[in-house]
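Undergrad: no FASTA, just this:
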Ligand code: GUN
Ligand code: ZN
C-alpha cells in the first residue's frame, strides 16, 4: 500500500439525511468501533475496526481514538473575521452596537499586517473549536479577505470569504464605493475563487450600508459568477427593518430589496432572518434562499427568537443553516451554539433534537453551502474530522455516568454542556492539527 494513508479509529458518526426528530436513527450511520481511511486529503473508506488488517498495510499511520466520537469537522455558516475583539461588547442592540463597537474594530483591518496576525488567531480558534470550514465576512478592505484566504490556504482548510461591501451609513474608514466593491470582489474571485479549497463570497453587509448602486453592481457580479455564494443580513432587528423601509420605500419589504437587485436565490445566505413577513417566507422558500440561525448572537444582541420549526415545516419551507455570528455571537463553539439554539426553540415551544443539531453543524450546513463533499464522512468527502471527548469535563463525566449509554443522550449532553474543551483533535484534509490533547 502507498504511504500517505491515514487511519482514524473511534466511534464514527455521520449523517445520511436530515433527521425528522429524536430517535430517527435511519438518518445517520454510526460505527461503535470504526476506522476512517483517508488518502490525498479525502476519505477513501469507512470500515469496521475488525477490518484493521485489511485497510492498514505498509506505511499507514494510525490515530487511535477508540471510545471517542469522530464526526465531520463542524461548519460555521456565518462569522465575522474582524470581530474577534468585538465579541462580548456591553449593552447595545444592533445599530448602536455596530456604531459603537463594530465599525471602529473593523477599521483596523485596513492594515494588511494586522489582518495577517488576526487571521492566524481566527483559524487557530476555529480549529480549537472543531470548526474546519466557515463562511466569513471580512472587513470592507480587500486585504482583510486576502489575509484570511492566504492563511486558510496555508492551513489547508476550506474557507468561504467575502470582502464586506458597504458604501454608506458608516464612518469613512470602513466605506468603499459601488464601483470599488464590485471591482475588489471581482479581483478576489479571479485570484481566489476555487484556488485549492478557498472560495469567495459576494458580501453586501446589509441594505442599510449599501446604496442602490452598490446592490446593483453586486447583483450584476452575482449574475457573472453564479457559482459564488452571496451572504448578507436580513431582518435581524426591528429598528433595522424600519430603517430599511425608509431607505427603500419603493420595495415590498426587506427581502424584496435584495431580490430586486438579483441577490436572492439558492446561493444566498441570509443571516438572522428573524422578523419575516409571510411574503418574505414564501419568496425565500420558492427561491431556495437559506435562513442562517445565529442563536448566541440573537440572544446577546437582543434581536429576537428565530422561528426554526415555523420556517422548516411551514407551508413554504425554508432552508436553514446554523452559525455563530462572532462577534455578535458569544461562542466560537458550534456545540455551544446548538445549546443556545435549543433554548431559543424552547422559548418558542419547539424542540431541537440532538441529532437534528449535529446534522445541522455538519451535513446540514454543508448542504446549505451546496458542498456535498463537506460535512460527511464517506468515500470522496474531504477528510476534515473532529474528534470529541464527551466526558472531557468533570461535570460532563459525572452527568454521563448516570446516563443510559444511548448515543442520542450523549449527543444531547455534548451539545448542552459542550465547548472547545470537548475537542480532542481535529483533522484537516486528513492531517491532524495537534491540538495538544492527542495521545495517538
Ligand atoms: N448587520 C449588519 N452587520 C452586522 C454585523 O456585523 N453583525 C450582526 N449581527 N448583524 C449585522
Ligand atoms: Zn453577521
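TA: Good, I have the coordinates. Computed from a predicted model, the values in this text were never measured in an experiment. Ligands and ions are numbered 1, 2, ... in the order given.

Undergrad: Do you have the helices of the stretch 251-400 of the chain handy? List them.
TA: Counting by DSSP state H, counting those that start in this stretch, one finds helices in the stretch 251-400 of the chain at the ranges 254-260, 278-287, 295-300, 308-313, 334-347, 354-359, 365-368, 394-401.

Undergrad: actually the stretch 1-150 of the chain, sorry about that
TA: Counting by DSSP H, counting those that start in this stretch, the helices of the stretch 1-150 of the chain are 52-56, 94-97, 103-107, 112-128, 142-155.

Undergrad: what's the closest of the ones you listed to ligand 1?
TA: helix 94-97 (5.7 Å; CB to the nearest ligand atom). C-beta here means a position set from N, CA and C on the backbone, and glycine is covered the same way.

Undergrad: and this protein, which residues reach ligand 1?
TA: 80, 94, 98, 102, 205-206, 233, 236, 297, 301, 325, 328 (CB under 6 Å from any ligand atom).

Undergrad: Out of the residues you listed, name the ones that lie in strands.
TA: 80, 233 (DSSP state E).

Undergrad: Contacting ligand 2 as well, which ones from the residues of the chain next to ligand 1?
TA: Filtering those for proximity to ligand 2 by CB under 5 Å from the ion leaves residue 325.

Undergrad: Adding mean pLDDT and mean neighbour count, write the helices of the stretch 251-400 of the chain out as JSON lines.
TA: Conversion of those to JSON lines gives the following (pLDDT from 0 to 100; neighbours: other CB atoms under 10 Å):
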{"stretch": "helix 254-260", "mean pLDDT": "99", "mean neighbour count": "23"}
{"stretch": "helix 278-287", "mean pLDDT": "98", "mean neighbour count": "17"}
{"stretch": "helix 295-300", "mean pLDDT": "98", "mean neighbour count": "24"}
{"stretch": "helix 308-313", "mean pLDDT": "98", "mean neighbour count": "17"}
{"stretch": "helix 334-347", "mean pLDDT": "99", "mean neighbour count": "22"}
{"stretch": "helix 354-359", "mean pLDDT": "98", "mean neighbour count": "25"}
{"stretch": "helix 365-368", "mean pLDDT": "98", "mean neighbour count": "24"}
{"stretch": "helix 394-401", "mean pLDDT": "98", "mean neighbour count": "13"}
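
Undergrad: Low-confidence regions, the protein specifically.
TA: 1-3, 436-440 (pLDDT under 70).

Undergrad: Closest to the mean position in it, which residue would that be?
TA: The centre of the chain sits closest to residue 76, judged by CA atoms, centre = their mean, with a distance of 1.5 Å.

Undergrad: correct me, but it touches residue 130?
TA: No: in this structure residue 76 lies outside contact range of residue 130 using CB atoms under 8 Å: 10.0 Å.

Undergrad: residues shared between the contacts of those two?
TA: residue 334 (CB atoms under 8 Å, 6 or more residues apart in numbering).

Undergrad: Of all the residues in this protein, which one is nearest ligand 1?
TA: For the chain, CB to the nearest ligand atom, closest residue to ligand 1: residue 328, 3.3 Å.

Undergrad: give me the beta-bridge partners of residue 386?
TA: Counting by DSSP bridges, residue 386 is bridged to residue 71, residue 426.

Undergrad: Check residue 38 too.
TA: With DSSP bridges as the rule, residue 38 is bridged to residue 6, residue 43.

Undergrad: what about the strands in the stretch 151-300 of the chain?
TA: 158-162, 164-165, 199-200, 203-204, 230-234, 268-272, 290-293 (DSSP state E, counting those that start in this stretch).

Undergrad: Columns mean neighbour count on top of those strands, output as TSV?
TA: As requested, these are exported to TSV (neighbours: other CB atoms under 10 Å):
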stretch	mean neighbour count
strand 158-162	26
strand 164-165	28
strand 199-200	25
strand 203-204	28
strand 230-234	27
strand 268-272	27
strand 290-293	28
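
Undergrad: Mind putting those strands into CSV with distance to residue 50?
TA: As requested, the strands of the stretch 151-300 of the chain are exported to CSV (distance: least, CB to CB, whole Å):
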stretch, distance to residue 50
strand 158-162, 32
strand 164-165, 51
strand 199-200, 39
strand 203-204, 48
strand 230-234, 45
strand 268-272, 42
strand 290-293, 40
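
Undergrad: Of all those, which one is nearest residue 223?
TA: strand 230-234 (10.9 Å; CB to CB).

Undergrad: helices or strands up against that closest one?
TA: On a contact count with 3 or more CB pairs under 8 Å, 6 or more residues apart in numbering; DSSP states H and E, strand 230-234 meets strand 203-204, helix 254-260, strand 268-272.

Undergrad: Same list (these) but as CSV, adding distance to residue 57.
TA: Formatted as CSV, the helices and strands packed on strand 230-234 follow (distance: least, CB to CB, whole Å):
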stretch, distance to residue 57
strand 203-204, 45
helix 254-260, 52
strand 268-272, 42
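
Undergrad: For residue 335, which of those is the nearest?
TA: Here strand 268-272 is closest among those (CB to CB), at 20.3 Å.

Undergrad: Sheet partners, orientation included, of that closest one?
TA: By DSSP bridges, strand 268-272 pairs with strand 230-234 (parallel), strand 290-293 (parallel).

Undergrad: Adding distance to residue 20, write those out as CSV.
TA: Putting the strands paired with strand 268-272 into CSV (distance: least, CB to CB, whole Å) gives the following:
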stretch, distance to residue 20
strand 230-234, 27
strand 290-293, 18
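
Undergrad: Which among those strands is found nearest to residue 192?
TA: Among those, if distance is taken as CB to CB, the winner is strand 230-234, at 15.6 Å.

Undergrad: Pull the residues that contact that closest one.
TA: 78, 135, 137, 162, 201-207, 218, 222, 240, 254-255, 258, 263, 265, 267-273, 276, 291.

Undergrad: and the gap between residue 90 and residue 100?
TA: 9 Å (CB to CB, to the nearest Å).

Undergrad: Give me the more crowded residue out of the two.
TA: Remark: of residue 90 and residue 100, residue 100 carries more neighbours, 14 against 7, as counted by other CB atoms under 10 Å.

Undergrad: Pull the contacting residues for the closest residue to residue 188 other than its chain neighbours.
TA: Excluding the flanking residues, the one nearest residue 188 by CB to CB, 6 or more residues apart in numbering is residue 200, at 4.8 Å. By CB under 8 Å, 6+ apart, the contact list for residue 200 reads 145, 149, 160-162, 185, 188-189, 192-193, 228.

Undergrad: Report the beta-bridge partners for residue 200.
TA: With DSSP bridges as the rule, residue 200 is bridged to residue 161.

Undergrad: Relative to residue 241, how far out is it?
TA: Distance from residue 200 to residue 241, by CB to CB: 29 Å.
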